[in-house]
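> Curious how this folds, go ahead:
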Amino acid sequence: MDFDYITMGQRIKQCRKELNMTQADFAEKLDISQNHISAIECGSQHLSFELFVSICNTLSINPDYLINGCTHLSNTPLQVMDNLTLCDDTSVELTRRFTELLVELYPNKSNQK
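Residues are numbered from 1 along each chain as shown. The predicted structure follows:
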């Protein structure tokens with residue numbers, strides 16, 4: 001099974017940009033070259049476990065997000081999670097309210113007793 005380094009790189013780039021951090025700033029924090037960051041974000045460079053942990057710590061993100069696209073263990077399809085990351089704060093809030101309404105109208109049968 002091949003790991004999808006391209007998608008992981010895209011997630012790293014997205015998180016970095018959300019923090020308004022340039023590649024140069026990010027590289028400096030990680031003590032690596034800007035070219036290395038660029039290659040990681042493009043998916044052409046694989047990273048060590050130590051660098052992976054440093055990236056997660058620097059971006060304050062859950063490692064599971066970079067690997068699976070999920071912020072926590074969930075049965076939410078990755079496509080839904082990835083699409084939410086493309087939304088602005090207003091759209092995410094609207095989605096949260098919508099899902100709460102769905103749960104209220106159609107509760108999970110396993111929660112009913």
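
> okay, CA-based contacts and neighbour counts for the rest of this
Fine.

> gap between the host helix or strand of Asp25 and the chain center?
Per DSSP states H and E, Asp25 falls inside helix 23-30. For helix 23-30, the separation from the chain centroid amounts to 18 Å (computed by Cα atoms, centre = their mean, to the nearest Å).

> The residue lying closest to Ile12 once chain neighbours are set aside: what's it in contact with?
Distances taken as Cα to Cα, 6 or more residues apart in numbering put Glu41 closest to Ile12, at 6.4 Å, once the chain neighbours are dropped. With contact taken as Cα atoms under 8 Å, 6 or more residues apart in numbering, Glu41 is in contact with 6, 8-13.

> again, only using 7 Å
With contact taken as Cα atoms under 7 Å, 6 or more residues apart in numbering, Glu41 is in contact with 9-10, 12-13.

> Restricting to C-alpha, output the helix or strand that contains it in CSV.
If you go by DSSP H and E, Glu41 is part of helix 34-42. The C-alpha atoms that make up helix 34-42 are tabulated as CSV, following Å, rounded to 0.1, in the frame of the first residue of the first chain:
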residue,chain,number,x,y,z
GLN,A,34,12.8,26.2,2.3
ASN,A,35,13.4,23.8,-0.7
HIS,A,36,12.8,20.8,1.6
ILE,A,37,9.5,22.3,2.8
SER,A,38,8.4,23.0,-0.8
ALA,A,39,9.2,19.4,-1.8
ILE,A,40,7.3,18.1,1.2
GLU,A,41,4.3,20.2,0.4
CYS,A,42,4.4,18.9,-3.2
